[in-house]
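In: Sequence and predicted structure, then a few things I'm wondering about:
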Amino acid sequence: MPSDVVRVIYRKYDGSAHRDYPARRLAEDDLGVWLGVPVGTKSIYHGRPSVEQIPFVLLVPHQAWWTAMFNPPPRTSEVYCDIASPARWESEDTVHLYDLDLDVVRRRATGVVELRDEDEFAEHRARFGYPDELVAEAEAAARWLLTALGDGTEPFATAYRKWLNLVL
């Protein structure tokens, strides 16, 4: 039986710490594993201790080059997708991902979908020597998300709301 708590570990491609936090397993379905992070969760963000001030739900897809964070107000991003390596589950209670810099975000107030951190992606591509296949997968995931976040594709339209309500 899967654990109720999952440790989510994001690293950068060079292995350096990026994010690390516990999350409550909410469900698993055809879209992936849904994890809830309530207010007050102690975390590591960019290698530094932090405490979550706003709850969120994280979707870790079964096999995709992204994760999706669904946020309530007052966060300005309704949906924040990290382009990342496909999840590697060490066990039922630990998931590892490599954050690949690019982010696709849907803004709450306007519904505008934007691609972020292309400069960081280019810098890290050169510095860390991203393989061409990784670059192609990351760019393809970003292109797909730019469309999916704006056209009503699930889980980005309404599917996430029932899970987000569990952490509010």
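Out: That came through fine. Computed from a predicted structure; not experimentally measured. Residues are numbered from 1 along each chain as shown.

In: Figure out how far the helix or strand containing Y10 is from the centre of its chain.
Out: In this structure, Y10 is located in strand 5-11 according to DSSP states H and E. Mean-position distance between strand 5-11 and its chain equals 11 Å (C-alpha atoms, centre = their mean, to the nearest Å).

In: Ok, stretch 23-36 next?
Out: 12 Å.

In: Could you do stretch 114-131 as well?
Out: 17 Å.

In: what's in contact with it?
Out: 12-14, 83, 100-105, 107, 135, 138, 142, 146 (C-beta atoms under 8 Å, 6 or more residues apart in numbering). (Glycine included, C-beta is placed from N, CA and C.)

In: residues near the closest residue to A140 other than its chain neighbours, how many?
Out: In this structure, A140 finds its nearest non-sequential neighbour in W65, 7.3 Å apart by C-beta to C-beta, 6 or more residues apart in numbering. The tally of other residues near W65 (other C-beta atoms under 10 Å) stands at 24.

In: ok, W65 to E137 distance?
Out: Going from W65 to E137 by C-beta to C-beta, to the nearest Å gives 5 Å.
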